[in-house]
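**Student:** Below: sequence and its predicted model.
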Amino acid sequence: MSMRRTGSGGHRRGDDPGRGASDAIITVRDLKVEYKTALGKVNALNGVSFDVARGSVVGVVGESGSGKSVTARAIMQILERAGRITEGSIRFHRPTGDHHESAEDAQLIEAATGASGEVDITSLSATSDTMRAIRGSEIAMIFQEPMTSLNPVYTVGSQIQEAILLHQTPDKKQSWDQAVDMLKQVGMPNPARIASSYPHELSGGMRQRAMIAMALSCHPSLLIADEPTTALDVTTEAQILALMRRLKEEIGMSILFITHSMGVIAQLCDEVIVMYQGRVVERASVEDIFYNPKHPYTRSLLRSIPRIGAAEHTPLQVIKGTVPDPYVQVPGCSFHPRCPDFIGEVCQTVIPPENLLPGAERHGVRCHLYDDEGALVDATTEVGR
Amino acid sequence: MTETTQGARPKRAKSDGQRDPEPREAAEGPLLEVRGLQKHFPIKGGALRRVLGYVKAVDGVSLTVDQGETVAIVGESGCGKSTTGRTIIRLEEPTGGEIIFRHPELGPVHVEDADTRTLDKIRPRMQFIFQDPMASLDSRMTVGRVISEPMVINKTLQGQALKDKVAELLTVVGLRPEHASRYPHAFSGGQRQRIGIARALALDPDLIICDEPVSALDVSVQAQVINLLEDLQERLGLTYLFISHDLSVVEHISDRVVVMYVGRVVEIADTKELFTRPLHPYTEALLGAVPQPDPRKRHEIQPLKGEVPSPANPPSGCYFHTRCPYAQQKCIDETPPLREIAADQGGSLKGARRPRMVSCHFAEELELTGAVVASNEAFLAVQSDASDEPEAQEPGFSAPEEPEPSEAEREATEAEREAGVNEARVTDTGEAAEPTTSERRATEHGGTGAGATEAGADVAEAQDEVTEAQGRGAEAQTETADIPRRTEDLQ
């Protein structure tokens, strides 16, 4: 069966000119998530807003504890028990056209779809049938540790088959064939044999391919990949990145790609969201993030990574301090204690709003440097580019 | 198949008087020499637990480490790089081969068959930094005990002198003396790695084997620890055997690189040469796979196909032939030896530390591509922006002191912690970094394009850099004088 979702080869669904103004597959607005723990409340997300455009790869980058994974889990409604979405909205724009899910699922999703053609995920209960219909079939997720997220007592094929049986067809033979086909699509040699082997018989890279096959088996419109290459070797990582790039081209699927590696972001993504302490501090095209970074955190991150070809034995620039304690609320801009561009009281007291910088492409930055005159300073550098 | 000692030269002059009071004899020969090291793990099975075969984790590794240099071992997981490190220090018993360590008093000692008494003398000179700072510190010992344990066991210091030494070590790694009474759980990952480094330094070792010391750390903290390791090397004249899978880190920190594949060494070269002109197809593939932080330089090389073969059942001939795009019949039939490459055939350039070695039948014929260098503009975009706003930039970098209210806030945090409300983290002392000289980088970056046509230009460039490097050596010494001041700043 073909993985192409549109009739004309390679053509993205998002390119349909008849579509409304909204080109986003998912819209997250002012999302706040808190965790209640024995040591107190942790504000994991403090108002996260972003869109994932159809057919694009959006990278989410940040250090541990910045809220990358929580964002992904909130969209899937699979937050741990202690976690709760307190504010904000996650709206899923279900694409029109050919759907792969079973009639039952489709009905549930259509019933939840509002007049604007959106499903408000935050209004659904995590255990509701509608959420179950969306999860896995419309939005799928790949996890970091392929060993811990695959069940060791079932064969790889049967785990992929399970999702297909649940969301698409009750026919066992057909679903098995589909599972084997999926394994073939992700570049597994000898897919029939792999389908009947157990996860421990596969290498790390092959397990991650199996995970990707499982996530893609129901033809989701949005794939969330949470650090899918972090546990892998550099050569295997390159294979997986090449695979994701190919899948994106072929299926026109949207991907939300979470990573802490600036290198991986540069290699794969179209747009980038930089997160720090539960906030999006900068949001721009990949070109702007690497060639015209604005937020001091983004710039510091870029400077602190060792680069091949940089001068030998010159010290790396470091970001002083460490990622702050999650139990402590930093007033004002949460980056100010570590910021090399600290400009005074305003940083300590006022949470910077998102400033949109002038330019053809959307470039938002949450930093007081760009409050008013900041935008003007920018305009001049923009001319110089 | 060992390297000759000719051409060896210590990288950095040892800062005198800092470490050992009695003058040491002039360094002769390499600090560590490993010849044909083997470590085979038996595979047992069946009802009688009979040995069914062997996993040849390390199968004939030869390498040399000179005093004061950093030699990196790179390779994919399972290539035997960690086992090599552990076997050198005899955390694993070697199956075969020789490990020769030059002890300051005993002279060259064979580690592989040393008895317990000799080992007790050698081990303090060779220390180990482990990958996972969460697992390598005993959670029931205070940091002070963790760091003093090696000195207590070796009876080097006692009483107040021991306490003073612990305080000194904590300061050296950028922590505060009062941290000695805390337990490891109160520290973040980066700080724990600093504690691990302090412990490794406790006995004034000559060689430190670092097994993936920064892999478990966050990007921003990783840079702090890398800088600390380099800084300590300069001040204490340390020698590192640096095991890592991260090629960007290796390129930054090491002088020479040993590339391993399925338990064997496939290539040894000076870092610069290896990255610009690899001679082994596996090195080329590794370099091509590094994700460059530059969206304009996306992977051009096709990623390697297939999987790393199992060391329990390796293929015939060259182990890499199953994945090698240049493989021929000879590669399947014959195992290529690790051999020296003559200078006129792509071997070492003038001024190289040691001869280049490669294990490939066709090293002379292949024209391989070096690492993709992230385009300079990506870096300069950051730099030039920074220089546009000098007022905003300068205070942050030059003054390590925190702005007032944040200090108050930190105290508040401290108070909370004391009250037992919040035990999670201690705010790091932080390191003040000087802005790097972008101009120097800019000129050096210029054209690192590898390829046979540009080889001539590359030679000239490399020679220029050798002289420049010497100039920098002098610079480094002046910087050393500044360090104590900086350490005080940190407190």
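**Tutor:** It's in.
**Student:** List, one by one, the residues from the stretch 101-250 of chain A near chain B.
**Tutor:** Neighbours of chain B within the stretch 101-250 of chain A, by C-beta under 8 Å from any C-beta of the partner chain: A:189, A:203-206, A:233-239, A:241-242. (Glycine included, C-beta is placed from N, CA and C.)
**Student:** biggest separation within these, which pair?
**Tutor:** The largest separation in those, counting by C-beta to C-beta, is between A:189 and A:234 at 20.7 Å.
**Student:** Could you check which of those two has the larger neighbour count?
**Tutor:** Taking other C-beta atoms under 10 Å in any protein chain shown, residue A:189 and residue A:234 do not tie; residue A:234 has more neighbours (23 against 12).
**Student:** okay, and for the stretch 301-450 of chain B, where does confidence drop off?
**Tutor:** Applying pLDDT under 70 to the stretch 301-450 of chain B flags residues B:301, B:343-352, B:375-450.
**Student:** ok, 80 please
**Tutor:** The stretch 301-450 of chain B contains residues with pLDDT under 80 at B:301-303, B:342-353, B:372-450.
**Student:** hmm, back to that, any chance of the residues of the stretch 101-250 of chain A next to chain B in JSON lines, with secondary structure and pLDDT too?
**Tutor:** Formatted as JSON lines, these follow (DSSP: H, G, I helix; E, B strand; the rest coil; pLDDT from 0 to 100):
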{"residue": "A:189", "secondary structure": "coil", "pLDDT": "82"}
{"residue": "A:203", "secondary structure": "coil", "pLDDT": "82"}
{"residue": "A:204", "secondary structure": "helix", "pLDDT": "82"}
{"residue": "A:205", "secondary structure": "helix", "pLDDT": "83"}
{"residue": "A:206", "secondary structure": "helix", "pLDDT": "87"}
{"residue": "A:233", "secondary structure": "coil", "pLDDT": "85"}
{"residue": "A:234", "secondary structure": "helix", "pLDDT": "87"}
{"residue": "A:235", "secondary structure": "helix", "pLDDT": "86"}
{"residue": "A:236", "secondary structure": "helix", "pLDDT": "85"}
{"residue": "A:237", "secondary structure": "helix", "pLDDT": "88"}
{"residue": "A:238", "secondary structure": "helix", "pLDDT": "89"}
{"residue": "A:239", "secondary structure": "helix", "pLDDT": "87"}
{"residue": "A:241", "secondary structure": "helix", "pLDDT": "89"}
{"residue": "A:242", "secondary structure": "helix", "pLDDT": "88"}
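**Student:** Now, of the residues you listed, which are buried?
**Tutor:** The neighbour count (16 or more other C-beta atoms under 10 Å in any protein chain shown) marks A:203-206, A:233-239, A:241-242 as buried among these.
**Student:** Tell me the residues of the stretch 51-200 of chain B that contact chain A?
**Tutor:** Counting by C-beta under 8 Å from any C-beta, the positions of the stretch 51-200 of chain B adjacent to chain A are B:76, B:77, B:188, B:190, B:191.
**Student:** If any of these are buried, put those into a PyMOL selection.
**Tutor:** Of these, the buried ones can be selected in PyMOL as follows, counting by 16+ other C-beta under 10 Å:
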select buried, chain B and resi 76+188+190+191
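**Student:** Which ones among the residues of the stretch 51-200 of chain B next to chain A lie within helices?
**Tutor:** Of these, the ones assigned to helices by DSSP state H are B:190, B:191.
**Student:** could the residues of the stretch 51-200 of chain B next to chain A go into JSON lines alongside distance to residue A:316?
**Tutor:** Converted to JSON lines, these look like this (distance: C-beta to C-beta, whole Å):
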{"residue": "B:76", "distance to residue A:316": "25"}
{"residue": "B:77", "distance to residue A:316": "25"}
{"residue": "B:188", "distance to residue A:316": "18"}
{"residue": "B:190", "distance to residue A:316": "13"}
{"residue": "B:191", "distance to residue A:316": "18"}
